[in-house]
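Participant: Compute the structure for the input listed below.
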Amino acid sequence: MTPGLSGSPRVAEAVIDLAAVRDNVRSLAAAAGSRALLVDMSGDAHGHGAAQVAEAALAAGAAALGTSRVGDAIALRSTVHAVPIVAWQHTRDTDFVAAAAASITVVVRSSEQLSAAIDAGVASLQLGVDAAGFAAFGPDAFVDACRSVASLQSAGRLGPVGLMLGDGGAASACATARELGVELDAVHAVAASTGPTDDDVTMLRVGAEVLGLDETRGHRATDVGLRPAMTVRAPVLAIKSALRGTGVSYGYIYYTTDDTRLALLSIGYGDGIDRAAGNVAPIRVGGVTGRIAGRVAMDSCVVDIGDRVVAVGDWAVLFGDPAAGDPSAEEWADALGTSSAVVASRMTARVVRKYR
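Facilitator: Numbering: from 1, shown residues only. Here you go, the predicted model:
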């Protein structure tokens, strides 16, 4: 039996601070002014738990929710009622009939998707418009789609429709739609891509920032007053002494520089920790932030704790709220060459979610 396992029931966990989610939504809503907020729940809310995050976001004033995939939107509808849920990424196998039954707002990006959604009975639609032309209607196709929508609206087969903007272009898209007789509903865009003069935009889409994270490397949500919601921590499974020059973990990319003590933690790349985190990613244990020592294994990693006061069963914090003295997801992102949203989203279901 591995020393320290007996009598230590703890496993790695991600503690989600829903108060931070609520505070972040309120801050983002204040910055949005008269525009409503649509909160992106894709990827199970970046691994935070879509149902729980949605409840907190709606309580703080969010007006709508969204996901990339229809299946995730339908799952969310089972816990969230009477609130618009938008889904915008489809394949040929997307079940628009199920989307219609769950009252999901479907973003269509081609004439084929528009026809499929209408035939399936979808009552709430948005047209996907992107100034860069990515996965959206091109200019000519958008004109044709608007004509089709206007005809359906005139026949009483479709109510007001919205627009989803990927990268600006609100005024042009809205003007075209209105000129062709389309009755418009919500016009939503990614918050970061929307300027203060885009008066036609009525709703801003936010995602990782609600969780105190950022999709873009080098940005720090905490710099604009947002609070990280997720703290990932793992228990110390065992502690052993090691002489100077001892190789640690697989491949021996780390050697102890003094006689020391090593702590084995119950978290590894099978839990979502990037294997490249060895020797570079921060971790706090015994009141001190150091680095993971050596390669990350499937189920564990090691920290050189020296003479720190650490016992089997103590928590080691990988990332959390820097205001509490913890390493941040941004520090992990810097170490791994990625973004904080990616770092948090990688946590697998083996890391138990707990909410407070």
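
Participant: Where is the longest strand in this protein?
Facilitator: In terms of residue count, the longest strand belonging to the chain (DSSP state E) is strand 230-242.

Participant: Just the C-alpha atoms of it, please, in PDB.
Facilitator: What follows is strand 230-242, C-alpha atoms only, in PDB (Å, rounded to 0.1, in the frame of the first residue of the first chain):
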ATOM      1  CA  MET A 230     -12.300  27.600 -10.000                       C
ATOM      2  CA  THR A 231      -9.700  26.400  -7.500                       C
ATOM      3  CA  VAL A 232      -8.100  23.100  -8.300                       C
ATOM      4  CA  ARG A 233      -6.500  21.300  -5.500                       C
ATOM      5  CA  ALA A 234      -5.100  17.800  -4.800                       C
ATOM      6  CA  PRO A 235      -4.200  15.900  -1.600                       C
ATOM      7  CA  VAL A 236      -0.800  14.900  -0.600                       C
ATOM      8  CA  LEU A 237      -0.700  11.100  -0.900                       C
ATOM      9  CA  ALA A 238       2.800  10.400   0.500                       C
ATOM     10  CA  ILE A 239       6.000  12.100   1.600                       C
ATOM     11  CA  LYS A 240       9.500  10.700   1.400                       C
ATOM     12  CA  SER A 241      13.000  11.900   2.000                       C
ATOM     13  CA  ALA A 242      15.400  12.200  -0.900                       C
END
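
Participant: buried set for that strand?
Facilitator: Buried positions in strand 230-242, judged by neighbour count with 16 or more other Cβ atoms under 10 Å: 230-239, 242. (Each C-beta comes from the backbone N, C-alpha and C, glycine too.)

Participant: can you pull out the helices in this protein?
Facilitator: Here the chain has its helices, by DSSP state H, at 18-32, 42-47, 50-59, 70-77, 96-101, 111-119, 139-154, 170-179, 329-336, 340-345.

Participant: Which of these has the lowest mean pLDDT?
Facilitator: If the helices of the chain are sorted by mean pLDDT, helix 170-179 sits at the bottom with a mean of 87.

Participant: And it, what does it pack against?
Facilitator: Judged by 3 or more Cβ pairs under 8 Å, 6 or more residues apart in numbering; DSSP states H and E, helix 170-179 is in contact with helix 139-154, strand 161-165, strand 184-190.

Participant: One more pass at 10 Å, please.
Facilitator: Counting contacts by 3 or more Cβ pairs under 10 Å, 6 or more residues apart in numbering; DSSP states H and E, helix 170-179 packs against strand 125-129, helix 139-154, strand 161-165, strand 184-190.

Participant: what's that helix in contact with?
Facilitator: With Cβ atoms under 10 Å, 6 or more residues apart in numbering as the contact definition, helix 170-179 has outside contacts at 127, 129-131, 136-137, 139, 142-143, 145-146, 149-150, 161, 163-165, 169, 182-184, 187-189, 194-195, 197-202.

Participant: Generate a ChimeraX selection restricted to the buried subset of the residues you listed.
Facilitator: A single ChimeraX command is used to select the members of those judged buried by 16+ other Cβ under 10 Å:
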select :127,129,130,136,137,142,145,146,149,150,161,163,164,165,169,182,184,187,188,189,194,198,200,201,202
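
Participant: how close does V351 get to S266?
Facilitator: 10 Å (Cβ to Cβ, to the nearest Å).

Participant: joint contacts of those two?
Facilitator: 11-12, 234.

Participant: can you list the weak-confidence ranges in the stretch 151-300 of the chain?
Facilitator: 167-169, 192-197, 218-219 (pLDDT under 70).

Participant: can you tell me which residues contact the spatially most central residue of the chain?
Facilitator: For the chain, the residue lying nearest the average C-alpha position, counting by Cα atoms, centre = their mean, turns out to be H46 (2.7 Å). For H46, the set of contacting residues under the criterion of Cβ under 10 Å, 6+ apart consists of 40, 53, 207-208, 210-211, 213, 215, 229-230, 340-347.
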